[in-house]
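**Student:** Next comes the sequence, and after it the predicted model I'd like to discuss.
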Amino acid sequence: MAKAIPSQLKCVSYDAAQLDDDGQRALSIFQRATALGFYEELPDEAGESTYSRLAAAQKLRFTMVFDQQAPAESRHASQPVHTYASFPGLLNAGGARPVAVHKITAVTVSPTHRRQGILTRQITEDLNYARRGGFALAVLTASEASIYGRYGFEPATYQTRFTLKCEGGLKLLVALPGAVIDVDPEPFATKLEALIRSALAQTFGSVDGTEFDVGYALGRWEGWDSLAKAKNMRHAAYYDEAGELGGSITYKFGGWDDAQPKMVVHKLVALSDVARLKLLEYVANHDLVQQVHGQGALDDPMRLVLHNVRDYQVRSTDDVLWLRVLDVIAAFEARGYQRSGQLVISVTDRLSLIDGTYLFEVADGSATVKRVAIDAEELTGVAHVVLGERELAGLYLGTVQLSQLLAAGRASTKSESDVSASLRLFEVDRAPFTPHTF
């Protein structure tokens, strides 16, 4: 149970799609407080107007907590001590259609008000709100990795930040089909919007792109902080052999200050491996450029086609999407599967959202999941494991395997039935990748 927060704290919430004048002023306060919380540049009037439009398009539900006893000279006499927002979205979990997810963003707590139970109360109430609203999953991208595990979130996708050496041009083992052209971003906007929608269906682990992501790819803004127009962006598009649009890339020159001049990928959207590789090849083959810096999936296919595999160097591996299961049956029946089998999972949940025992029956790429009594006769002879809500979240996109959880002591077997046949039940053929953050 969440502990009571101090009585002088007042919580207010708004729907950004339905704001009156007071609500617009609240959104401005929220935007500025969030920028301060993430050490970002404060927005100007144009940035506030753009933010208001983007928040409305996202159907942002935003919340602030105020300290009604803050001293007059304190910033918190007029500014919130906590910000929090959420909005609806979609996730490609490998099933027949994307899964509706509850996206959480803009979470800040002032240093003066930490460890008072503010975030615990807020996120607990919000997860219950999302569950009542029919969302099977909550997702977020985390600035700090030590916070959200307490609330049942687990990393679900990772990415690499890589350096691609390309002095004298990129040398590949294969000739890639199709063509890349330079594009003028604004006339390309409608095609890009359609491309981003199509990429959701082709990219396992992707969330849906928003109006912000479209503008980000077009160079309309550098980021969420000031929403100022990006400078010196270049844009290109890939067309396959049939003349169909298959990808786009936004990139910029990194400057002459470095010993090795580089191009930096700002945004890459691709419907296939070939589209991704062709776009990176195009950027790498610019004159005088010796490196390309970008992001990719853990199983980035670029390594497979390089003449010198050492030309691809991973600078870091970062978590991207964090996931929390809100409804076991709805979430796992919406997921796709590459293996078949039966398994019983008993889940213990610190927030008591998904406590219970569930029977998974998987065949032909889909699952039937039902809640059962722990001593039900139909469980006889079926492998049975016990794990927590975080571990279940880790299984959802195949980020970890059941065998790994058992070996690490994060799951245990409950029955004497052989569990070995079920160890690969949640395994996936490719690493999930999330090209959009929020």
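**Tutor:** Thanks, I have the structure now.
**Student:** In the protein, where's the longest helix?
**Tutor:** Longest helix in the chain by number of residues (criterion: DSSP state H): helix 21-37.
**Student:** Would you mark the buried spots in that helix?
**Tutor:** 23, 26-37 (16 or more other CB atoms under 10 Å). (Glycine included, C-beta is placed from N, CA and C.)
**Student:** And the protein, what are its domain boundaries?
**Tutor:** 9-135, 159-319, 326-422 (automatic domain parsing).
**Student:** So which elements touch the helix or strand encompassing residue 406?
**Tutor:** Assigned by DSSP states H and E, residue 406 belongs to helix 402-407. Judged by 3 or more CB pairs under 8 Å, 6 or more residues apart in numbering; DSSP states H and E, the packing partners of helix 402-407 are strand 384-388, helix 389-396, strand 411-413.
**Student:** Just list the residues touching residue 312, thanks.
**Tutor:** Contact partners of residue 312, counting by CB atoms under 8 Å, 6 or more residues apart in numbering, are 162, 163, 164, 165, 300, 302, 303, 306.
**Student:** So which of these wins on neighbours?
**Tutor:** residue 164 (24 neighbours; other CB atoms under 10 Å).
**Student:** Three-state assignment for that one, please.
**Tutor:** strand (DSSP: H, G, I helix; E, B strand; the rest coil).
**Student:** Isn't it up against residue 310?
**Tutor:** No. Taking contacts as CB atoms under 8 Å, residue 164 lies outside contact range of residue 310: 10.9 Å.
**Student:** Indicate which one of the domains of the chain is closest to residue 153.
**Tutor:** Ranking the domains of the chain by proximity to residue 153 (CB to CB) places domain 326-422 first, at 6.6 Å.
**Student:** Spatially, what comes nearest to residue 9 if we skip its sequence neighbours?
**Tutor:** In this structure, residue 9 finds its nearest non-sequential neighbour in residue 65, 5.3 Å apart by CB to CB, 6 or more residues apart in numbering.
**Student:** what sits opposite the one you found in the beta ladder?
**Tutor:** Residue 65 has these beta-bridge partners by DSSP bridges: residue 11, residue 82.
**Student:** check contacts around it.
**Tutor:** So residue 65 contacts 5, 9, 10, 11, 12, 80, 81, 82, 118, 122 (CB under 8 Å, 6+ apart).
**Student:** So it versus residue 201, what's the distance?
**Tutor:** Here residue 65 is placed at a distance of 39 Å from residue 201 (CB to CB, to the nearest Å).
**Student:** again with residue 301
**Tutor:** Distance from residue 301 to residue 201, by CB to CB: 19 Å.
**Student:** cool, residue 302 as well?
**Tutor:** Taken as CB to CB, the span from residue 302 to residue 201 is 23 Å.
**Student:** next one: residue 74
**Tutor:** 49 Å.
**Student:** Check residue 431 too.
**Tutor:** Distance from residue 431 to residue 201, by CB to CB: 18 Å.
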